[in-house]
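# sequence and computational prediction follow.
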Amino acid sequence: MDSAQLVQFAISGLTVGAIYALVGLGFNLIFNATDVINFAQGEFVMLGGVLACIAIGEWHWPLWLAIIATVAAVGALGALIDFGAVSRVRNGSVMTIVMITLGVSVVLKTATLLWVGPNPLYFDPFTAGPPLRVFGAVVQLQALWVIGIGGLAMAGLGIFFSRSALGREMLACAIDREAASLMGIDVRKMVRISFILSGALGALAGVLITPLTNATYDQGFTLALKGFAASALGGFGRSSSAIVGGLALGLIEAASVAVLPSGWKDSVALIVLILVLMIKPSGLLGGRAERRHTQAM
Amino acid sequence: MNGSAVLRSLVVAGSLLCLGSPLHAQETYKVGVSEPLSGGASSLGIPVVDSVKIAADAINAKGGVNGHQIELVIRDDQSKPDIAVQNFRRLAEEGVYAIIGPNQGSNMLAASAALQQAKIPACSFNNTISITKLGNPYIFRCQTSDADNTKAALTFARDKLKAANVGILYTSDAYGSDAYAALQVEAKAMGLPITGAEKVNYGATDTTAEWTKLLATKPAAIILWGSGSTMSIALRNGSQLGNTAPIIGSQGTAAAAIIKGAGAAAEGVYMVTLTAPDQVTAGQTDLAKIYKDKNGDDYQLTIYDTIGWDALHLVVKAIENAKGDRNAMREGFEQISKYELAAGTYTYTADNHEGLGVDSVWIVQVRDGRMVGVQHGF
């Protein structure tokens, strides 16, 4: 194997890893606010991709408008899910809410199938042109958009949580909901906001990755599984962990293709996840348990 | 005369009209259809059922079979194996002469036992090699087997593309894995070396790592076997990584949605399929006329338009051969010989339930986003 191929495997891994990281970020937002793993997170991503494809391909909207509208629409859907279902059982157990998100994900998937059908949807990369060449390896231009905008979203979330009053209130909820409530913070409102944010973030991820991955109605589950694995690998409850976990997962997958028969890719990634969690149950960066009294980012 | 009385007399008049037609004197022949009208495979099932209905109208307009009209009993298998099994059971109870469908190889495998109990033939639209290897004498393939499709792909690579060797990229499901096994056997028999073979998961959203490994083996031609969204991603990834070797795709890649999703990356790609949309063969003349009358002169027949039409014609032929005896339907099917229809020429015997052979396979090439016929029959 020559150096160009090695670089190519690394770039493939980082591209895919950036996608996982972006999906994983949304999981963390809702987990922090509610202790719930939102099974509909993958559907948020899928919907982002599908809506953008329709806005661009059928309604011929400009790209920027399609992105803003899609992010706003799925953010609003997040609010609706919290308003219509999750907030109704706020006193229910975590398991009840998890089952609700599972139900919501099935409804969203089926509705999308009935609406747009089973064929893959697609729109062109944000910037046209041949891929970049780095040391003989190829970088898809859209991958740079995924990494760039993903990084910006991360930084934006970091500032939001550390600087703004609203962000700090959400952080307080994440650290200890009861104490936050006793301090006069409106926990219900924080949960609502976390659903809106994770819907918007999921949709943004969907729009960014569709030129690479296509958008199909049944894509949500696979993406959610990888995003969830990324979060778990990095350590649940911390946003930067989704980034580290996602990139690590992508690189592990690419490396496994390089050295093993290629059909093993998915199994290897999940076996590594299990091993890491056995050795360090809180994930690579340490999850919420280790961070309660420090900070969330 | 008040409103309801008018209605009643209309109904009576209508029924008399029906009774008046000489065909009604005979009971209808029921033919079951179990196809995916919803779920993941519905984009295949819906046009197939349309095609079966068009065939039924055409056959009934000509007086039916032995004076009996054909009555379709259509059920949706929701793209799920368990529903397909239920459909097969219920259709058998309703006394159908044969079942047309299903579309997914896994659903045929699931419904095989129910079919064997019912003792009626099924026209199954699968490429999956194993469906005729189950020892179930009631399964008749109404498609080409991937044993023939892979043979056509390799022969085309060797003879027309002058490829000294091939690389293979395939999906991990039964469709891809069965074909890979067949490709290995066939390539060995032809003395064509396989430089490398990479497996991608069905539904994978990135294939660049697998392509990198495959391209490092420097194949002279690439065989791409799979279906679904992953195929358009694979075509794009290959082109992004600078692949210049010609690609031959499976029947699963020869779909409008895949070609559209791959965009410029699909240009020049060869595909193994059953119809060349730009050409009307002798067996397709009647069918093409019906579709063009319905959809305009520019309409090009798809593979799904042809296989449904063919399946019902095969069932009708089997009923004729069985002289209308429902218990002799299997034998009726096995007597069909050199019957030229829209997708090719069908022959069944007691030992051969494949129907179509490698002589019916088309190689098409994508030019300006459309499939153009390059070679017919091997």
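Structure received.
# now the strands: where do they sit in chain B?
B:29-35, B:70-76, B:99-100, B:122-124, B:139-141, B:166-171, B:194-200, B:221-225, B:247-249, B:270-273, B:339-340, B:345-346, B:362-367, B:370-376 (DSSP state E).
# any chance of the ones you listed in TSV, with distance to residue A:175, mean pLDDT and mean neighbour count too?
For every residue, glycine as well, the C-beta is placed using N, CA and C. Converted to TSV, the strands of chain B look like this (distance: least, CB to CB, whole Å; pLDDT from 0 to 100; neighbours: other CB atoms under 10 Å in any protein chain shown):
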stretch	distance to residue A:175	mean pLDDT	mean neighbour count
strand B:29-35	55	96	25
strand B:70-76	51	96	18
strand B:99-100	61	97	30
strand B:122-124	59	96	29
strand B:139-141	62	97	24
strand B:166-171	45	96	27
strand B:194-200	42	95	22
strand B:221-225	51	97	27
strand B:247-249	54	98	26
strand B:270-273	57	96	26
strand B:339-340	75	94	15
strand B:345-346	71	95	22
strand B:362-367	57	96	22
strand B:370-376	59	94	17
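# for those strands, which one sits closest to residue B:207?
strand B:194-200 (5.1 Å; CB to CB).
# show me what that closest one is packed up against.
strand B:166-171, helix B:174-190, helix B:208-215 (3 or more CB pairs under 8 Å, 6 or more residues apart in numbering or on different chains; DSSP states H and E).
# make CSV out of the ones you listed and add distance to chain A.
Output for the helices and strands packed on strand B:194-200, formatted as CSV (distance: least, CB to the nearest CB, whole Å):
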stretch, distance to chain A
strand B:166-171, 9
helix B:174-190, 9
helix B:208-215, 4
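# same list, the ones you listed, but as JSON lines with distance to residue B:230 please.
Output for the helices and strands packed on strand B:194-200, formatted as JSON lines (distance: least, CB to CB, whole Å):
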{"stretch": "strand B:166-171", "distance to residue B:230": "6"}
{"stretch": "helix B:174-190", "distance to residue B:230": "10"}
{"stretch": "helix B:208-215", "distance to residue B:230": "11"}
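# can you name the residues of chain B sitting close to chain A?
B:38-43, B:172, B:198-201, B:203, B:205-206, B:208-210, B:212-213, B:216, B:228-229, B:232-233, B:240-242, B:257-258, B:260-261, B:263 (CB under 8 Å from any CB of the partner chain).
# of those residues, keep whichever come out buried.
Buried members of the residues of chain B next to chain A, scored by 16 or more other CB atoms under 10 Å in any protein chain shown, are B:38-43, B:172, B:198-201, B:203, B:205-206, B:208-210, B:212-213, B:216, B:228-229, B:232-233, B:240-241, B:257-258, B:260-261.
# nearest to residue B:78, out of the helices and strands packed on strand B:194-200?
Here helix B:174-190 is closest among the helices and strands packed on strand B:194-200 (CB to CB), at 19.2 Å.
# all helices of the stretch 1-150 of chain A, in order?
Using DSSP state H, counting those that start in this stretch, the helices assigned to the stretch 1-150 of chain A run over residues A:3-34, A:41-57, A:63-84, A:94-116, A:141-163.
# just the C-alphas of the third one, formatted as PDB.
What follows is helix A:63-84 as a C-alpha-only set of coordinates in PDB (Å, rounded to 0.1, in the frame of the first residue of the first chain):
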ATOM      1  CA  LEU A  63     -29.400  26.800  -1.700                       C
ATOM      2  CA  TRP A  64     -29.200  29.300   1.200                       C
ATOM      3  CA  LEU A  65     -33.000  29.700   1.400                       C
ATOM      4  CA  ALA A  66     -33.400  25.900   1.300                       C
ATOM      5  CA  ILE A  67     -30.900  25.500   4.200                       C
ATOM      6  CA  ILE A  68     -32.600  28.100   6.400                       C
ATOM      7  CA  ALA A  69     -36.100  26.900   5.700                       C
ATOM      8  CA  THR A  70     -35.200  23.200   6.300                       C
ATOM      9  CA  VAL A  71     -33.400  24.000   9.500                       C
ATOM     10  CA  ALA A  72     -36.300  26.100  10.700                       C
ATOM     11  CA  ALA A  73     -38.900  23.600   9.700                       C
ATOM     12  CA  VAL A  74     -37.200  20.600  11.500                       C
ATOM     13  CA  GLY A  75     -36.500  22.800  14.500                       C
ATOM     14  CA  ALA A  76     -40.200  23.600  14.700                       C
ATOM     15  CA  LEU A  77     -40.900  19.900  14.400                       C
ATOM     16  CA  GLY A  78     -38.700  19.300  17.400                       C
ATOM     17  CA  ALA A  79     -40.700  21.800  19.300                       C
ATOM     18  CA  LEU A  80     -43.900  20.100  18.200                       C
ATOM     19  CA  ILE A  81     -42.700  16.700  19.300                       C
ATOM     20  CA  ASP A  82     -41.900  18.100  22.800                       C
ATOM     21  CA  PHE A  83     -45.200  20.000  22.900                       C
ATOM     22  CA  GLY A  84     -47.400  17.300  21.500                       C
END
